[in-house]
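**Q** return a 3D structure for these sequence lines:
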Amino acid sequence: MRSIEVTIQHLITSGFNPGAQKDPYRGFVYTSFQERATKISHGNVGKLAREKGDKNLARISAIIAGDEGRHEKAYQTFVTEILKRDPDGLIKVFGDMMRGQIVMPAELMTDGKDTQLYNNFSAVAQRLGVYTAIDYANIIEHLIKTWDMENITGISSESEKEREYLCRLPTRYRKLAERSMNKKKKDDEADVPQSFSWIYDRKA
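**A** Prediction:
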C-alpha cells in the first residue's frame with residue numbers, strides 16, 4: 001500500500017494541466033470529456049473484477065463509475081447551456097481542444113521509481129480494454145450527439161468549419177485506432193509486460 005500512497009502524494013504535489021488556460025469554456029469541455037472517460041474506465045475495471053470473482057472491487061468500481069456519470073451529466077449540461085448563448089465561442093474552444101489531445105489527470109503520476117509510469121499504466125489499460133483509443137473516439141461521438149453539433153445553425157463561417165471538423169472526428173479517430181490495432185496484429189507485436197510497485201513489482 002505504501003507505493004500507492006507515494007503515487008497519490010506525488011500526484012497531489014505535481015497536479016495536472018487540463019489545458020483549460022483559466023478559460024471556463026475549456027474547463028467545461030475538458031471535464032465533460034474526462035468525467036465520461038473515468039466513468040468508462042471504472043466501469044470496465046468493475047467488469048474485469050466481476051469476471052475474476054472480486055465482488056468488493058466490482059462494487060467499489062461501480063459506485064465510482066456512477067459518481068463519475070453524475071458529474072459527466074452536470075458538466076455536459078453546462079456546455080449545452082453555453083451553446084444556446086454563445087455557440088461560436090464554445091465551438092471554437094471545442095475544436096481547438098480536439099486538435100490537441102485530452103489527457104487524463106493522472107498524466108504526471110509517478111511512484112518515485114518508474115519515470116514512465118503513466119505510459120506503462122496506459123499501455124496495460126489499453127491491452128485489458130479498461131480505456132482504449134476506441135473509447136476516446138466514442139466519447140467524442142457522444143459529446144457531439146449530446147450537444148447536437150450536427151444541427152447547430154446560425155454561426156459564423158469560421159465556426160461552421162470547426163463544427164464540420166468536429167463532426168468528422170469520431171470516424172477519423174476510430175479508423176486510426178482500428179488501423180493501429182490491425183497493424184499490431186499483422187506484425188504480431190506483443191506488449192512487453194511492465195512491473196508495477198503497486199503490486200509488489202509483479203509484471204502486468
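**Q** all strands of this protein, in order?
**A** Here the chain has its strands, by DSSP state E, at 195-196, 202-203.
**Q** which of the ones you listed is buried the deepest?
**A** strand 195-196 (a mean of 18; mean count of other Cβ atoms under 10 Å). The C-beta positions use only the backbone N, C-alpha and C, and glycine is treated the same way.
**Q** contacts for that strand, please.
**A** The contact list for strand 195-196 (Cβ atoms under 8 Å, 6 or more residues apart in numbering) reads 111, 114, 117, 120, 121, 201, 202, 203, 204.
**Q** stretch 148-161 too?
**A** 83, 87, 88, 91, 92, 143, 144, 163, 166, 167.
**Q** turn those into JSON lines, including distance to residue 129, neighbour count and pLDDT.
**A** JSON lines is the format used below for the contacts of stretch 148-161 (distance: Cβ to Cβ, whole Å; neighbours: other Cβ atoms under 10 Å; pLDDT from 0 to 100):
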{"residue": "83", "distance to residue 129": "32", "neighbour count": "19", "pLDDT": "98"}
{"residue": "87", "distance to residue 129": "36", "neighbour count": "19", "pLDDT": "98"}
{"residue": "88", "distance to residue 129": "38", "neighbour count": "17", "pLDDT": "98"}
{"residue": "91", "distance to residue 129": "32", "neighbour count": "25", "pLDDT": "98"}
{"residue": "92", "distance to residue 129": "34", "neighbour count": "18", "pLDDT": "98"}
{"residue": "143", "distance to residue 129": "21", "neighbour count": "22", "pLDDT": "98"}
{"residue": "144", "distance to residue 129": "23", "neighbour count": "18", "pLDDT": "98"}
{"residue": "163", "distance to residue 129": "32", "neighbour count": "23", "pLDDT": "98"}
{"residue": "166", "distance to residue 129": "26", "neighbour count": "20", "pLDDT": "98"}
{"residue": "167", "distance to residue 129": "27", "neighbour count": "16", "pLDDT": "98"}
